[in-house]
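Peer 1: my questions are about this predicted structure, shown below with the sequence.
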Amino acid sequence: MTDRRSIFITGGAGGMGLETGRYFSEKGWLVGLFDSNTELLNQISDEFNPEQLVTGRLDVTQQADFEPAIADFAERSGGRMDILFNNAGIAPGGWFDEMELSVLEQTISVNVLGVIYGTRAALPFLKVTDNSLCISTSSSVATYGHARRAVYSASKFAVKGLTEALSLEFERFGIRVADVLPGCIDTPMLRRETARGRPFHESMLDALPKSGPYRLMPARAIAEAVWAAYEDSTRIHFYVPEEVGNTDRIKAQDISLAREEARSFLFGRGET
């Protein structure tokens, strides 16, 4: 096993995964960026020192894809994995009763099964690495479910619950478990969103609040949260921005207040 620390990232070809890879590369880590989009992986590879980068195709919905991906990474890391970052995810939106069932099934497959498959596959390498961390991307919608994101909300609640359960189970291995719960993060996926038939940047981006939990945050804030999770063994949930966690705290006092906060974010601009 080498002395150089390493991080394995799913959904690493863009957005939060790529920015996290950049951040850890700057700190001298070996970075594994894995994604189903190999074209994007090829495009971004030149940004990294080849001695610090491992890339490969990985469809997180296919359990069989994980074994060769993690094997390639482990060959370069000497079997070491300091952080597994289960980041791959999709966020299709629409009214629950109007969305195609296949889209709902894919959301669960990517966002939930992808985390389960990744964690199971990485477990042998996390076990043999001192102070290792298994961290997954949950969401602000896992504080209170969002309308037009019902199944997406369910998938992220699942990640949050899995994180809490595994934080207890993996104590027996010395593996720490955490999640990051982003609000509105400026990523290509977010900018591809549409609302009322218009691109996100025309329909929602300009209307986002300038302060508070749903202000637009840079993708680098997620990378910083992952780093904070590695450095801080006392917390399980890392909210980005920190105010996202207010909803969890409000729910503990009065769930109706949390419901109104979610309603205000989604419908406060007259969108129904």
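Peer 2: Cool, the structure landed.
Peer 1: middle-most residue in this structure, spatially?
Peer 2: The chain has residue 137 as the residue nearest its centroid, 2.4 Å off, counting by C-alpha atoms, centre = their mean.
Peer 1: what sits against it?
Peer 2: By C-beta atoms under 8 Å, 6 or more residues apart in numbering, the contact set of residue 137 is 11, 16, 85, 86, 87, 89, 159, 179, 180, 182, 222. From N, CA and C alone the C-beta is placed, and that goes for glycine too.
Peer 1: now with 7 Å?
Peer 2: Residues counted as contacts of residue 137 (C-beta atoms under 7 Å, 6 or more residues apart in numbering) are 16, 86, 87, 89, 179, 180.
Peer 1: with residue 264 instead?
Peer 2: With contacts taken as C-beta under 7 Å, 6+ apart, residue 264 has no neighbouring residues.
Peer 1: rerun at 10 Å
Peer 2: residue 214 (C-beta atoms under 10 Å, 6 or more residues apart in numbering).
Peer 1: and residue 113, by the same measure?
Peer 2: Counting by C-beta under 10 Å, 6+ apart, residue 113 touches 60, 61, 62, 63, 155, 158.
Peer 1: same question, residue 8
Peer 2: Per C-beta under 10 Å, 6+ apart, neighbours of residue 8: 30-34, 54, 58, 66, 69-70, 73-74, 77, 81-87, 118, 121-122, 125-126.
Peer 1: now the residue nearest to the centre of the chain, which residues is it bridged with?
Peer 2: With DSSP bridges as the criterion, residue 137 is bridged to residue 180.
Peer 1: show the pLDDT at it.
Peer 2: Residue 137 is assigned 98 on the pLDDT scale.
Peer 1: can we start the residue count at 758 from this point?
Peer 2: Yep, numbering from 758; the last one is residue 894 now.
Peer 1: how far away is it from residue 981?
Peer 2: 14 Å (C-beta to C-beta, to the nearest Å).
Peer 1: likewise for residue 822?
Peer 2: Applying C-beta to C-beta to residue 822 and residue 981 gives a distance of 29 Å.
Peer 1: those two: who's more crowded?
Peer 2: Relative neighbour count places residue 822 above the other of residue 822 and residue 981, with 20 against 16, counting by other C-beta atoms under 10 Å.
Peer 1: please give the element, helix or strand, for that one.
Peer 2: Assessed by DSSP states H and E, residue 822 sits inside helix 820-834.
Peer 1: partners of the very next helix or strand once past that helix in the sheet?
Peer 2: As assigned by DSSP H and E, the chain's next helix or strand after helix 820-834 is strand 840-843. Looking at strand 840-843 with DSSP bridges, its partner strands are strand 763-767 (parallel), strand 890-894 (parallel).
Peer 1: so which bits of strand 840-843 are buried?
Peer 2: By neighbour count on 16 or more other C-beta atoms under 10 Å, the buried set for strand 840-843 is 840, 841, 842, 843.
Peer 1: can you list the residues you listed in TSV and add distance to residue 998 and pLDDT?
Peer 2: Putting those into TSV (distance: C-beta to C-beta, whole Å; pLDDT from 0 to 100) gives the following:
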residue	distance to residue 998	pLDDT
840	22	98
841	24	99
842	19	99
843	21	98
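Peer 1: which two in those residues are spaced the farthest apart?
Peer 2: Largest separation among the buried residues of strand 840-843 by C-beta to C-beta: 840 and 843, giving 10.3 Å.
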